[in-house]
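Asker: here you go, sequence then predicted model.
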Amino acid sequence: LSGDSSGNFPMSAIEKLHGAKSHKKRCKLLGDEHSLHVTASNLRQRYVTKDGKCRVNLGPIADKSLFISDIFTTLVDLKFCWFLLVFTMCYILTWVAFGGIYFFGAWLRDDIAHVHDPQWKACFQNVDSFLSALLLSLESQRTIGYGSRMVTANCNEGTVLLMVQSILGSIIDALMVGCMFVKISRPQQRAQTLIFSKHCVVCERDEKLCMLFRIGDLRVSHMVDAKIRAKLIKSRQTKEGEFIPLEQSEINLGYDTGGDRLLLVEPQTITHVINESSPFWEMGSKRLKREAFEIIVILEGIVEASGMTCQARTSYTEDEVLWGHRFESCMSLEKGAFRVDCSAFDKTFEVQMSSLSARDSKQRGGCVLENVVLPSCCCQAAQPAELPVDHKNTPIISQTPLQPVQYKYCA
């Protein structure tokens, strides 16, 4: 395997090599091997799925006690079915444990043999079996109210045991109810109504090559302080020969101008200007199809209803970037109000534009003229040297009859 002249390592070759050896369905980062396994039927493996799930598994983890030390987060992160199982078992095990202690105490004090003796001063009254002791434990911890079974004042150990169970039950209530509340109120489901366009497009805006994608919010309650950012995930080989399988590069979405801070009331088209600092500066239409990369888009904001931070993610692979396309307009004015046509959210249309990269276009004069009327004498594939220096990027005015030209590229 060999990289190109820029040091980029073709991820497709790596995926083919490992894809032939692996039949795993998920990308796994193994502790000792540190190898990338890709499914054989789908050589192009995503780092982040379209719905925002990261496809990376960590293992093996030597010290799993770290998860127990942060038990609250561990419980909240459990799947709901497993959380309900833990929730139920915490109470059942507590009832059974204290029921066994009550039964053992009644057996030691011989209360079981004198259940029907009215003269006997029992510590655990009317406890004659494990089931009756379990009912006493349940009634004590849940404060249901005693019937014929109860802890009497004839022994100190019964009173201490009842106090311990009450305190432990309160701790379990606080932990379980707190975890349940946080789990229900977590804003992950809010991210389901934050939508991203299926494709990312590359076109020209204000005579600059730009990469565009759309985001929208389907709810009436808006996201507060919404921010957008993006990362480019791409493999690379350094000059020293080190292979970096998942290198992250920042994609500027307007951080320096404040364009990354959004008022997400209607669908927004996010723009990345492809300039010298952009990772796509040297990528043209053909190279874009050959490269293997993934664009991770992260939208963060505060949920207006709960005040909690919500994050929505998606990704675009190289085959989901459409060169020479624009998004259709989805906004209209009807009866004095703006209307959003959600059916047009993902629709694009093709436009004529150069297949050159932004770097090559700048080196060749950068004279991509769109919807400009030129003299007929200048429409014969003129070289940049034939044009005056001060008019490389402007229409030439003369007395020659004019003919309309939609797009013109100086080669």
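Answerer: Thanks, I have the structure now. Residues are numbered from 1 along each chain as shown.

Asker: could you use CA atoms for every contact and neighbour count after this?
Answerer: OK.

Asker: ok so Trp120 is a helix residue?
Answerer: No - looking at Trp120 with DSSP: H, G, I helix; E, B strand; the rest coil, it is coil, so not inside a helix.

Asker: is the closest residue to it other than its chain neighbours in a helix, a strand, or coil?
Answerer: Nearest residue to Trp120 in three dimensions, chain neighbours excluded: His114, at 6.5 Å (C-alpha to C-alpha, 6 or more residues apart in numbering). The local conformation at His114, judged by three-state DSSP, is coil.

Asker: switch to numbering from 17
Answerer: Got it, the first residue is 17 from now on, which makes the last one we talked about His130.

Asker: pLDDT value on His130, please?
Answerer: The per-residue pLDDT reported for His130 equals 82.

Asker: Val112 now?
Answerer: The model's pLDDT for Val112 equals 95.

Asker: check contacts around it.
Answerer: Applying C-alpha atoms under 8 Å, 6 or more residues apart in numbering, we find Val112 in contact with 150, 153.

Asker: and the gap between it and Val131?
Answerer: Going from Val112 to Val131 by C-alpha to C-alpha, to the nearest Å gives 22 Å.

Asker: next one: Arg230
Answerer: Taking C-alpha to C-alpha, one finds Arg230 at 76 Å from Val131.

Asker: please apply the same query to Gly185.
Answerer: Relative to Val131, Gly185 is positioned 28 Å away (C-alpha to C-alpha).

Asker: next one: Gly257
Answerer: For Gly257 relative to Val131 (C-alpha to C-alpha), the value is 83 Å.

Asker: again with Phe103
Answerer: Distance from Phe103 to Val131, by C-alpha to C-alpha: 35 Å.

Asker: you'd agree Asp376 is up against Glu298?
Answerer: Yes - Asp376 lies in contact with Glu298 (C-alpha atoms under 8 Å); the separation is 7.5 Å.

Asker: looking at those two, which is more packed in?
Answerer: Glu298 (18 against 15; other C-alpha atoms under 10 Å).

Asker: how about the contacts made by the more buried one?
Answerer: Counted by C-alpha under 8 Å, 6+ apart, Glu298 has contacts 373-376.

Asker: helices and strands around the biggest strand by length in the chain, which ones?
Answerer: Ranked by residue count under DSSP state E, the longest strand found in the chain is strand 239-253. Judged by 3 or more C-alpha pairs under 8 Å, 6 or more residues apart in numbering; DSSP states H and E, strand 239-253 is in contact with strand 259-267, strand 277-278, strand 309-319.

Asker: looking at those strands, spot the one closest to Phe96.
Answerer: strand 309-319 (22.0 Å; C-alpha to C-alpha).

Asker: what packs against that closest one?
Answerer: Taking 3+ C-alpha pairs under 8 Å, 6+ apart as the contact cut, strand 309-319 packs with strand 239-253, strand 325-333.

Asker: rounded mean pLDDT for it, please.
Answerer: Across strand 309-319, the average pLDDT comes to 93.

Asker: ok, and what's touching it?
Answerer: Strand 309-319 has contacts (C-alpha under 8 Å, 6+ apart) with 27, 62-64, 203, 206, 238-251, 324-334.

Asker: torsion angles phi and psi at Phe229?
Answerer: phi -150, psi 160 (degrees, to the nearest 10).

Asker: state the distance from the residue lying closest to it once chain neighbours are set aside to Val143.
Answerer: Distances taken as C-alpha to C-alpha, 6+ apart put Cys216 closest to Phe229, at 4.8 Å, once the chain neighbours are dropped. Cys216 sits 72 Å away from Val143, taking C-alpha to C-alpha as the criterion.

Asker: any weak-confidence spans in this protein?
Answerer: 17-60, 381-427 (pLDDT under 70).

Asker: most remote residue from it's center?
Answerer: Residue farthest from the centre of the chain, counting by C-alpha atoms, centre = their mean, is Gln135 at 69.6 Å.

Asker: what's the burial count for the residue nearest to Trp136?
Answerer: 17.

Asker: now do Lys302
Answerer: Neighbour number of Lys302 under other C-alpha under 10 Å is 12.

Asker: that one: which element?
Answerer: helix 301-306 (DSSP states H and E).

Asker: which residues touch that helix?
Answerer: 334-335, 339, 371-373.

Asker: most surrounded residue in these?
Answerer: Most neighbours among these, by other C-alpha under 10 Å: Trp339, with 22 neighbours.

Asker: redo the helices and strands packed on strand 309-319 as TSV? Include distance to Glu292 and mean neighbour count.
Answerer: Shown next, in TSV, are the helices and strands packed on strand 309-319 (distance: least, C-alpha to C-alpha, whole Å; neighbours: other C-alpha atoms under 10 Å):
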stretch	distance to Glu292	mean neighbour count
strand 239-253	16	20
strand 325-333	22	21
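
Asker: kindly reformat those strands as JSON lines containing distance to Gly275.
Answerer: Shown next, in JSON lines, are these (distance: least, C-alpha to C-alpha, whole Å):
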{"stretch": "strand 239-253", "distance to Gly275": "9"}
{"stretch": "strand 325-333", "distance to Gly275": "18"}
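
Asker: and of these, who's closest to Gln284?
Answerer: strand 239-253 (10.8 Å).

Asker: so the closest one versus strand 309-319, what angle?
Answerer: 160 degrees (axes from the mean of the first three to the mean of the last three C-alpha atoms, to 10 degrees).

Asker: restrict strand 239-253 to CA atoms and write it as PDB.
Answerer: C-alpha atoms of strand 239-253 as PDB (Å, rounded to 0.1, in the frame of the first residue of the first chain):
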ATOM      1  CA  MET A 239     -33.100  25.500  20.200                       C
ATOM      2  CA  VAL A 240     -31.400  28.200  22.300                       C
ATOM      3  CA  ASP A 241     -27.800  29.300  21.500                       C
ATOM      4  CA  ALA A 242     -27.500  26.700  18.700                       C
ATOM      5  CA  LYS A 243     -24.000  26.200  17.400                       C
ATOM      6  CA  ILE A 244     -22.700  24.200  14.400                       C
ATOM      7  CA  ARG A 245     -19.300  22.700  13.800                       C
ATOM      8  CA  ALA A 246     -17.800  20.100  11.500                       C
ATOM      9  CA  LYS A 247     -14.800  17.700  11.400                       C
ATOM     10  CA  LEU A 248     -13.200  15.900   8.500                       C
ATOM     11  CA  ILE A 249     -12.200  12.300   9.200                       C
ATOM     12  CA  LYS A 250      -9.500  11.000   6.900                       C
ATOM     13  CA  SER A 251      -6.600   8.600   6.900                       C
ATOM     14  CA  ARG A 252      -3.100  10.000   6.300                       C
ATOM     15  CA  GLN A 253       0.400   8.800   6.200                       C
END
